[in-house]
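Asks: Sequence and predicted structure are below.
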Amino acid sequence: MFKDLFYILVFPGFAFLSLFALAAEFYDRKLYARLQNRVGPPWFQPLADFIKLCAKEDVIPEAANQNIFKVMPVFVLASVVTASFYIPLWNNTALLSFNGDVIVVLYLLTIPTLGFFVGGWYSSSLFARLGSVRTITQLFTYEVPLFMGILASALLADTWSLSELVSFYSQHGWLWLCNFVGFAVCLLALLGKLEKTPFDIPEAETEIVAGSFTEYSGRLLAFLRLSTDIEMIVGSALLAAVFLPFSFNLGPGLGFILFISKVMFIVSLLSLARTVAARLRLDQMITFCWKILTPLALLQVFINLILKAKLIR
Amino acid sequence: MHDSHKFKIPIGPQHPALKEPESFSVALKGEKILGVDIRLGYNHRGIEKACEERTFLQDVYLVERVCGICSHSHSTCFVQAVEEIAGLEIPSRAKYLRTLIAELERVHSHLLWLGVAGHEIGFDTLLMYTWRDREIVMDILAQFTGNRVNYGMNTIGGVRRDIDVSQVKDALKAVDTLQERTKYYIEIATSEVTIIKRLSGVGVLSYEDALRLDAVGPTARASGVKRDVRKDDPYAAYADVSFDVITDNHSDVYGRTVVRLKELLESFKIIRQVLENLPAGPIAIKAPRKIPAGEAISRYEAPRGEDVHFVKSNGGEKPERVKIRAPTLANVQAVKHMLKDRFLADMPIVIAAIDPCFSCTDRSIEISYLDDARKKEVLTWPELHAYSIDWHRKRGIDFSSLNKKLKEGFKTS
């Protein structure tokens, strides 16, 4: 009982994830700033932002649906933290694992997007509603390539469990390199999921202010922002587990450092992508995702089917 | 979305995309723009009227504050009109110095624009880079004039500050750096896929429409209209320097970007020629305090397009009428046309592409009632005066008794 509580609240649950998420946000912002030739924020800036927002007044629009408006941030936070329990960190067994947990993780990572949609829609502001509609439209474009990219990797490992997937690739040397196309596809799809440039269409500030978040303030906004940060590292950790599944036998100390560096590597790639690109338009993103990303993900599935046929023989 | 599902969203008066208060009421159907209502006037400061209350020399500094970015444009344009009425022929060194500051101002304005355009399409890296490089030209301007903006360089009859050899050397070095950086930006803007995707085909203004809607400056030149006051009606030292008028046939936001970037290279050319051929001599001649009766129109190619000033003197110390037509007023009509049937996402960049400067544009208020489009109200000066007295009286402030007391006081003394 106490052990479970420790897992949920401290490690690898809420406390660890929050701290790691804030650190990752700092790293992302600092790297983004340095790439843009700026100084960037000090290391405690994300934490200071969080505390400042928590100290501020929560303003809830009168026309908004009070309950849904208040519950959404908690709902989103809970789902991303839950998703992290199924992802192997430094050894090849995650905290919780069963055959089919790949699907559950992907499903849990979809909930934040739906949460942003519902929260934005019920805040009854024009900008928030436009943002919600964009969020949900975007969901239909990146979700398919993301699922196919990750499932292609699972297909080769012949398992629907993340822990087993990791053990499979650990035993098969350099086989994970074959998933390179899938990795690229999922990285771009993750950019869409995290609503980062070039896919930050739902919160394009020069068009619709802050999208779904427009009406959120105070503690609610603080937790929404924390959830997006946690979503970033959980998404990155998922990609790290699926596409960089090497050296999972180093033990807690070294293994932990390796896990952190893998996640940070993926976060760096995300920052790099948002440094070098302009925001696409929604119609351009739909075209890009369906005409380029999805066929590429299909190609990965095809490659893995052939590989599997050869391996079995 | 369902056909009846049309709605209006307010872009402005306060909105992150706009740097100044301006209202664009956008009718949307999904993401598609059905129509735009533009409303100006949130920044009206009464500068033209204030000019009539001040002397010609004071007005030079007042019109300089019409715009924060093209301050030299407005003061030069005004001073040229006054000099024409007074029949003053200014020394050629003053003409060259005016040209120098004008071109440096164009460089800083165009670099600023490029950064803003980058921000509007979500490309913040471009914003950070261009604004970093813009500091170089700002430093040179500060070295020449003492100020980063509102240079205070012009006076009636010439300029107020001279420059020396060491400053010329610094400026030439800075221009070399800037030219190198500009070439890099041209390369980025013409090769980066996401930029091209967001810019080309957006906000199209055909050659005919540009002429019909009276577009000016880079907006018109990007539609192939070869129109530049510096070439068509040379003022200051523009007749002595060689440069090309840049035009482009893309007619869209991409074309406007290319035109501005290439104009930067032309500006560097002009700055080099001016610095190398700076004639010796005085920088100003003495101007009379009272300007003889007469009127003049002065044209000037500001970074945003043609700026027009009309000045009328009745022979006194103060002008009888000053009229300013800032370039944005000429271009803002075209925005409505450019936005038709575009996406909401294109709106910020299309507005930004004319490089709008709204506080320069705001001149008077026409009240139109949203519920009844035909009913309009324009207040004349006496009506506005009466409205103000009434407004204060309703709030318990009444000056009429005070006025009476003052008058009686004058009689008894």
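Replies: Cool, got the structure.

Asks: contact partners of stretch A:120-134?
Replies: Applying Cβ atoms under 8 Å, 6 or more residues apart in numbering or on different chains, the external contacts of stretch A:120-134 come out as A:61, A:63-65, A:68-69, A:116-119, A:135, A:201-203, A:208-216, A:282, B:7, B:9-10, B:344. The way it works is simple: take the backbone N, C-alpha and C, and place the C-beta from them, glycine included.

Asks: mind running it again at 7 Å?
Replies: Contact with stretch A:120-134 is made by A:61, A:63-65, A:68-69, A:116-117, A:135, A:201-203, A:208-209, A:211-212, A:214-215, A:282, B:7, B:9, as judged by Cβ atoms under 7 Å, 6 or more residues apart in numbering or on different chains.

Asks: Kindly report the same for stretch A:235-242.
Replies: A:84, A:87-88, A:105, A:109, A:150, A:153, A:162, A:165-166, A:186-187, A:190, A:193-194, A:262-263, A:266-267.

Asks: for the helix or strand hosting B:Tyr184, packing partners?
Replies: Secondary structure from DSSP states H and E places B:Tyr184 in helix B:165-191. Applying 3 or more Cβ pairs under 7 Å, 6 or more residues apart in numbering or on different chains; DSSP states H and E, we find helix B:165-191 packed against helix B:124-145, helix B:253-276.

Asks: Find the nearest non-adjacent residue to A:Ser123, please.
Replies: A:Glu215 (3.9 Å; Cβ to Cβ, 6 or more residues apart in numbering or on different chains).

Asks: Tell me the pLDDT of B:His2.
Replies: According to the prediction, B:His2 has pLDDT 44.

Asks: Please convert the buried members of the contacts of stretch A:235-242 into ChimeraX selection syntax.
Replies: Burial among those is assessed by 16 or more other Cβ atoms under 10 Å in any protein chain shown; the matching ChimeraX selection reads:
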select /A:84,87,88,105,109,150,153,162,165,166,186,187,190,193,194,262,263,266,267
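
Asks: So which of the contacts of stretch A:235-242 are in helices?
Replies: If you go by DSSP state H, those have A:84, A:105, A:109, A:150, A:153, A:162, A:165-166, A:186-187, A:190, A:193, A:262-263, A:266-267 in helices.

Asks: returning to what we had before: sitting in strands, which of the contacts of stretch A:120-134 do you find?
Replies: Here DSSP state E is the test, and these give B:7, B:9 as lying in strands.

Asks: Nearest spatial neighbour of the residue of the stretch 1-150 of chain A found nearest chain B, chain-adjacent residues omitted?
Replies: Residue nearest to chain B within the stretch 1-150 of chain A (Cβ to the nearest Cβ): A:Gln36, separated by 4.0 Å. Excluding the flanking residues, the one nearest A:Gln36 by Cβ to Cβ, 6+ apart is B:Met128, at 4.0 Å.

Asks: doesn't B:Asp252 make contact with B:Val204?
Replies: Yes - contact status for B:Val204 versus B:Asp252: in contact at 5.0 Å, counting by Cβ atoms under 7 Å.

Asks: thinking again about what came up before, wait, the residue nearest to A:Ser123 touches A:Pro61, no?
Replies: Yes - the criterion here is Cβ under 7 Å, and A:Glu215 meets it with A:Pro61 at 5.2 Å.

Asks: neighbour-wise, which of these two wins?
Replies: A:Glu215 (23 against 17; other Cβ atoms under 10 Å in any protein chain shown).

Asks: what is the mean pLDDT for the helix or strand where B:Trp113 lies?
Replies: Element membership of B:Trp113, judged by DSSP H and E, is helix B:92-120. Regarding helix B:92-120, the rounded mean pLDDT is 91.

Asks: Could you do stretch A:5-18 as well?
Replies: Mean predicted lDDT for stretch A:5-18 stands at 79.

Asks: Please name the residues that touch the residue of the stretch 1-150 of chain A closest to chain B.
Replies: Residues in contact with A:Gln36 (Cβ under 7 Å, 6+ apart) are A:275, B:124-125, B:128.

Asks: Then B:His72?
Replies: B:101-102, B:105, B:151, B:153.

Asks: Next up, phi/psi of it, please.
Replies: phi -60, psi -30 (degrees, to the nearest 10).

Asks: do A:Ile87 as well
Replies: phi -100, psi 120.

Asks: Single out the residue in the stretch 51-200 of chain B that lies closest to chain A.
Replies: B:Gly122 (2.7 Å).

Asks: Thanks a lot, catch you later.
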